[in-house]
Every structure is written in structure tokens, then in C-alpha cells.
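Participant: Any chance you can model this:
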Amino acid sequence: MEKLFLEILNMSFISCYVILFVLGVRFLLQKSPKVFSYCLWGVVFLKLICPVTLESMISLIPKQVNTQRVESYLILPDAEVTKTKEQTLLEEPAKETTATPVNIAYKDQSLSVIDYLIILWFSGMVLIVFLQMKSYLVFRKRLSGAVWVRDNLYKTPAMKTAFVMGIIKPGIYLPEGLREEEEHYIIEHERVHIKRKDYLIKVLAFTICCIHWFNPLVWLSFVLMNRDMEMSCDEAVVKKLGTGIKKQYSYSLLSLTAGADSLGGVPLGFGENSVKGRIKNILKYKKPARWLIPVSLLIVTGVCIGLFLSPVAKGDEREVSSQPEPVKNYLLTESPVVLYDRSTARLKLIMTEGIYYEEEYAGMGGGTYPENYYGSYELQLVSEEGELLSAFDLSKDWNTSINYWKRFDIQTEDYNGDGCPDFTLGTYGSSNFNIFYLYTITRDNSISRISENEMAYNDKGFSVMFPHEAKEGNYYIYTEVYNNAEGKYLQYTYQWNGVKGYFQNMAATDNSEEGSGEAGNNVSMEDPMEDDIAALFGKAHNYYFKDFYMGEDYDGDGIEDTALIERKGSTNTITVNFGNQVDDLEPGREEFKIAGADLNNDGKNEIIIISDMGINGGDGIYGLLVYAKQDQVYQPVALPMEYEVYGGFPYSLNWDGVSAEILDSNKRAVIQVENDILEAHYTRTGQTEEWKKLQGKATEPVAADGICDFAIQMIDEKVKL
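Facilitator: The predicted structure is shown next:
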């Protein structure tokens, strides 16, 4: 219902411009036959009811009007939007912690502003329809004594005006006591209505008015459309019977004015609808000049087509013909939040810089989604008065690319019992889970992270409620992840550490049916060797390899460049926009890394790219290529054998059951990795059981299967790859 309501609001908003435009054109057509003015209203009511239009460069609707969304002004803060109640188990007797989490928090959410507006809109529409139906039934009852004369002509003593009634078989109803000459004029007028199906057009237009009852310009359009309808009918009668009847026809119109009837405010009778204006129009009517008809037809046709077509978006707007495209300072989501002092504010998620994909472009993980917003993000806390209270740069805080493919609400909860609102934000982690970070809004209204590391959870939402509980004065969060390698579910427990100010990973528990349920080794994530682990293992490749880059100058010409994965037919291609030219470089899969450097000291930057080749499930071989500019086009440069895509660096691994040793191609030890670092790595990546199996077992050296990264260094004042 919300989506329908917002769509109606947006159609009504755009139609306001269309109505004003039609009023201006209608003024210019004063000397033209009124049938042209009457036709103009068709595009107004079509725009009010048709949510889909074609895009064209010749649209008469400004892009600013067409792209403006009414809901951006309706998502208003409401002090009662979010109420959080929390119960604690501090007074309960101590008991043993089980592996199954108990979620003891719940939300009591009242109706939002948009909900109240929907109720008001729907109630108004139902009321108008009810009153109209009631008037119709009363009107039909008054016609019960009508007498059939001939064909579809009836006479009734209950009415004092003439009108057409009926949908399938419309009839002409005349009051009694009319002179024969008057009857002739009036019948001709009503027959024109029937021939043009005006009785159906009027019902349809009124129905549309009921839907847009809150818009006064729509009702104005309905009144003026009826006026143009009647005047065009008058002109048709005078044209058919001759201009000599203008005086008598005007008398007939005037004589029925006093008896005008209406159905719930909808004019029905012959003598209704601006009688003074109609009489003036009849008396001054004369055969139009020959040139006036084609010119009027051309104007009306052009205006109707131009107003129906929507403009093609350009620049920072979404351009259908060019996807994906850069987007800056885009408000993705805005949610109400209750602060520590119980005041309310708005928590906004802003994509400061990134790209927008349409449906045919895949998002992270290869899925195809209705929308994709992929880039750098910032959190903003804004007061009800519009004051920026604080801002937090997510992109600097996260070690992963951020991709959202739908709008979502940021869900708040007090996980650590300090009275401040906490919330999760996540993005794609794998096909099984999303990666989340936990944040809080402190007492001074600043935003900070309260999870030491990312938290994997089997939920594909972007802001979720973690299962949690308070027990014996401690606060716990539980997450569950399916481990493909183990073929089982693992549950992670995080405990609040008030001294350090974050939730700390306690243990991973086998939560599968076959698992023992025993907790694994407790591993503190506050480990001084964390940097060593990151240096050796890094993150999973989809964390620091991206599918788009912005804001860098790769070719050194002083212009910011953009590099991204773009679908070209059935394959993906790495496309680089150097600002003054666009080149399609190597085929890519989903992620890549790019840099620019003068490798051969010729004063020009070469472009270095390493990309996921999709081998061994997508995490096997990464291909390295270097491009040099030749004749204004970047061409690949031949690299030594060891750099070949399917060669990789011939590193190998020795494992003696206690420590691991990384060897180069000459069997020289490059890195020695001790037991505790390996244990922390296996535990962090959810491979505790695999780690247990490796204890005391030595394996043969295993060769690395491809390049997985590159670095650019200055050695002896020369650039080295």
C-alpha cells in the first residue's frame, strides 16, 4: 500500500506541472474550436493514472520535475516512531549459559507519518465514493417515473434539465414542458455527447479525481474539462444546424439553467457548467479560418506527446543509455532513532561517491538485483531541526567494498544496556551470510563502532537485529554461520567488554546435529599479532579487491579516472574511463585491483591490473597485466614468464605440524608463521575443527596456484613492480 500511495503522490506531483502547462496552452487556443482545448485534458488525466511513460529527448517536462520524488519530503521524524523497551535477567538466579540465544529485546512501533497519510488518503477516497454512490441511488430513484418516448429518449417530471444517463446503453432524459424547437436543439447536443462517449470520459475522469482528491489542481482540471466538453458540444450543434440558430439555442440553454441537477457535485444537465461563458461562446462562434484547424491540431498533438513522454535523465541522474554511472551524495536510507536523552533524530546513510547499476548489472556475489548502489558511504546523525550532529566515514572503517541493492531501515537496539541506541550495518560476505559491523550513538551523539571486527551472520539483510541476552550482569550477542568447508553451522558468541568498549568474540560452537555442542578454543580478538595475520593472509579477496574504483588518477594527466567491471554481452570487462577517453581492458570476473605507475621511466604511466580469473571457484588464479599507451590506446605489455596469468609466483608452503614456512622459487624461507598466529587465523575464519585436525601432522610442500596481489615500490629511485 505504501508503494502504491507514493507512486500516486509522485504522479500527482508531476501532473501539477502538466496541468499548469495545459492551462497556458489552453489560453493560447482561445480562438480555436473548443474541441482542441477539450482534447488537451486527456494527457492530464492520463498522467494521473499511468505510472509508466516512455522516455524521450523531446519531453516538455523538465528533468528536475520528473526526477523529484515526493517521498523525500514525507519521511519525517516522528517522536513516537521507535520505542525500545528492554528487560534484563539481572534479578534471575544464576544458571548455565546455553548455546541457544534468548532474544530478550523487543520493539513497540507505532504508526509512522507515512502510515497516517495513507489512512487519511484512503479514508478520503472511500468517503467521496460513498457519497457519490449514495447520490447516484437517490438520483436513480427520482428517475423511476421516467416515460419512454422513442429510441433512447425519455421524459421525466422529476427533473428540470436534460442529461445523458447510463453506461452500456446511455439514454437521453428530457424534462416535460419543452417546446419542440428547444427539444430539437437539446437532443442534438446530447447526441453529440453520446457519439463522443463523453458520458464515459466524465465517469473515468471523476474516478481519477477521487484517487487524487487531495490535489486541488486535479479538481480544477475536472471542472475546466467539463466546461470545454460542453462548449465543444455547443459548437458541434451550431456547426451542424447552422449559425442561424445561435440565438434560439442560447435561449434554450438559459431556460434550463434554473433546473440544473448534479450528482454529488458532478454536473449532469444540459444547462449546467458556466452558462454565461457557454452563451458568449455560442454567440461569437463562427466558422474557423482554414489555417487555424491544422495549426491547432499540430499544437495539441505536440503538447500531448511532449507532456506524456518523460525526459531522459543525464548527468548525476540515472541515465538508461549509460549504465553503470557515477553517483554522488545519494541518500540511500533514513531512519528515526531515539537518542540517549530520549529526543529523536534521523540517522542517514549517504553514498558520498560511487556508482549505480540498473537491474541487468550484477551486484556483489554475482546476483542480479533491481538496483545496485556500490561505493563509499557515510553515516550522518541529523536533528529534527536539520542540524548535523555527527558524521562517520564507513568506508574508512570497513575493510570491504560496500554494496546495497535495496533501501532498508536501520534497526536500533540497546545491546549493551547503556541506554544508547546500537545498530548493525552489513554488506555482502558470501552466498551464505552477510558481514556486519555494530555501531552505537554515544551520549554526546557521536557515532562509534562497538564490534572489534566484522561479525558474520546468516541473514542477507543490511541492518538486522542480532539475537542477544543479558545474563548475570553480562551482555551477549549470538551469530550463526554455515561453514561450507565443515558442512555445518557454527555459532559465535560475543561478550560486551565495558573496559575496552566493544563486543569481544568468545568462542565458536558447532551447532549442527552431528556436532558435540562443545565450545571451541576461546580466542581473544585483542591480539597484538593481528597485523601480522593481516599481512600474511590479508582478508578474503573480495574484501580488498573491488569491482569499481573512483577518485584516482591512473594515467597521470591530472583528471580523475574511473575503473569498473562492466557487462559486455555475456562477459564482464574491466572498463577504465580516463576522463578524456574510455578503454576496455582485460576481461574480468567480479573483482580486480588497479594502479598507475611509470614502470619504464619514460615519463608516462603504465596501467597495472590484477583480476580474479574465476578459476577454482573464483578464489584461485588472479591474472596480472600491464598496459602501456600506444597511439592513444592502451595495449598490453609482454611480461616475464613468472608473471603469466596461469603461472603465478612459485611459492610453496612447508608445514611441520607446529608452524608454517613460506618458500620462494629457490626454496628460501620468506615468512615463518608460528602456531599461535595460524590458530588465530583458523579460528577467525571459522575453521576451528580443521585446525584441530592439522595438529601434529606434517604435509608435503604445496605450490601456490597463482598471483593474488601486487605492490609498487621505489627501489634505488626506480619504480619496481
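Participant: drop to CA atoms for contacts and neighbour counts, all remaining ones
Facilitator: Will do.
Participant: so after the helix ranked longest in the chain, what's the next helix or strand?
Facilitator: The single longest helix within the chain, with elements called by DSSP state H, is helix 113-142. Heading C-terminal from helix 113-142, the first helix or strand you meet, by DSSP states H and E, is strand 147-150.
Participant: Show me what that next one pairs with in its sheet, parallel or antiparallel.
Facilitator: Paired strands of strand 147-150, with direction, are strand 153-156 (antiparallel) (DSSP bridges).
Participant: Past the partner strand, which element shows up next along the chain?
Facilitator: Per DSSP H and E, strand 153-156 leads on to strand 163-165 as the next helix or strand towards the C-terminus.
Participant: what kind of secondary structure is the closest residue to residue 330 other than its chain neighbours in?
Facilitator: Spatial nearest neighbour of residue 330, chain neighbours left out: residue 351 (5.0 Å); criterion: C-alpha to C-alpha, 6 or more residues apart in numbering. Following DSSP: H, G, I helix; E, B strand; the rest coil, the label given to residue 351 is strand.
Participant: which residues touch residue 351?
Facilitator: Residues in contact with residue 351, defined by C-alpha atoms under 8 Å, 6 or more residues apart in numbering, are 327, 328, 329, 330, 331, 332, 373, 375, 376, 377, 378.
Participant: filter those residues to the buried ones?
Facilitator: Buried by 16 or more other C-alpha atoms under 10 Å: 327, 328, 332, 373, 375, 376, 377, 378, out of these.
Participant: ok, the residue nearest to residue 2 when sequence neighbours are not counted - how many residues close by?
Facilitator: Nearest non-adjacent residue to residue 2, counting by C-alpha to C-alpha, 6+ apart: residue 118, 7.1 Å away. Residue 118 has 16 neighbours, counted by other C-alpha atoms under 10 Å.
Participant: Can you say which helix or strand has residue 221 in it?
Facilitator: helix 216-241.
Participant: for that helix, packing partners?
Facilitator: helix 2-28, helix 34-49, helix 180-195, helix 198-211, helix 275-283 (3 or more C-alpha pairs under 8 Å, 6 or more residues apart in numbering; DSSP states H and E).
Participant: Need those helices in CSV (columns: distance to residue 489).
Facilitator: As requested, the helices and strands packed on helix 216-241 are exported to CSV (distance: least, C-alpha to C-alpha, whole Å):
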stretch, distance to residue 489
helix 2-28, 37
helix 34-49, 50
helix 180-195, 71
helix 198-211, 51
helix 275-283, 79
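Participant: Highest mean neighbour count out of the ones you listed?
Facilitator: helix 34-49 (a mean of 21; mean count of other C-alpha atoms under 10 Å).
Participant: That one versus helix 275-283: what angle between them?
Facilitator: Relative orientation of helix 34-49 versus helix 275-283 (axes from the mean of the first three to the mean of the last three C-alpha atoms, to 10 degrees): 130 degrees.
Participant: Touching helix 34-49 from outside, list them.
Facilitator: Contacts with helix 34-49, where a contact means C-alpha under 8 Å, 6+ apart, come from 8, 11-12, 14-15, 18-19, 22, 26, 29, 205, 208, 212, 221, 225, 228-229, 231-232, 235, 296-297, 300, 303-304, 307-308.
Participant: what's the following helix or strand after it?
Facilitator: Toward the C-terminus from helix 34-49 - assigned by DSSP H and E - lies strand 55-56.
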